[in-house]
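Chemist: Got a predicted model here, sequence first, then my questions.
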Amino acid sequence: MFKNIMVAFDGSELAEKALKMGEEIAVQNGATLHVFHTNIIAASLSNQAANSPALQDMLNVAGNKVRDKAQEMLKDSGCTYQIIVQNHPAAPRPIIDYSERNNIDLIIMGSRGLGTMKQYFGSVAHSVLNVTRIPTLIIKE
């Protein structure tokens, strides 16, 4: 039924649950799992600041940390997977764009994210649900 499953992954406990669910569904369907992470860059930053080597280094470190966590979770996985890390000023748009460009047939994501950003990440799930036509599975706390 599903050939390409996307999991929005921020490294949180809820994202880990979403990744486990995605892995299970991917194995059952022989699907490819697309683990997707967005490093958020404040839209208010100037182009010069957003492209500064120091900020890029910080984003690379953060992205690698999330990538490593996902790889560790999937190392014994029975499914094909790829991990995608992007930098973007807002989380909903890259999730939607990637899912549309890559023939994703199921999006899995948590309804809450990390730390003080919980409310923000909840709104990401809400935004994705309101925009996409792709079936979306929301993992709740």
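Modeler: Yep, that arrived. Numbers count the residues shown, from 1 in each chain.
Chemist: hmm, who's touching the top helix by length along the chain?
Modeler: If each helix of the chain is counted by residues according to DSSP state H, the longest one is helix 53-74. For helix 53-74, the external contacting residues (Cβ atoms under 8 Å, 6 or more residues apart in numbering) are 9-11, 16, 19-20, 23, 33, 35, 37, 39, 41, 45, 49, 81, 83, 85, 87. Yep, even glycine has a C-beta here, placed from its N, CA and C like the rest.
Chemist: Just to be sure, which of these are found in helices?
Modeler: E16, L19, K20, E23, A49.
Chemist: Can you list the buried residues in stretch 3-18?
Modeler: Buried residues in stretch 3-18, counted by 16 or more other Cβ atoms under 10 Å: 4-12, 14-16, 18.
Chemist: what's the answer for stretch 85-96, then?
Modeler: V85, N87, A91, P92, P94, I95, I96.
Chemist: leaving aside the residues next to it on the chain, what's closest to the first one?
Modeler: Using Cβ to Cβ, 6 or more residues apart in numbering and skipping the chain neighbours, the partner closest in space to V85 is G63 (3.8 Å).
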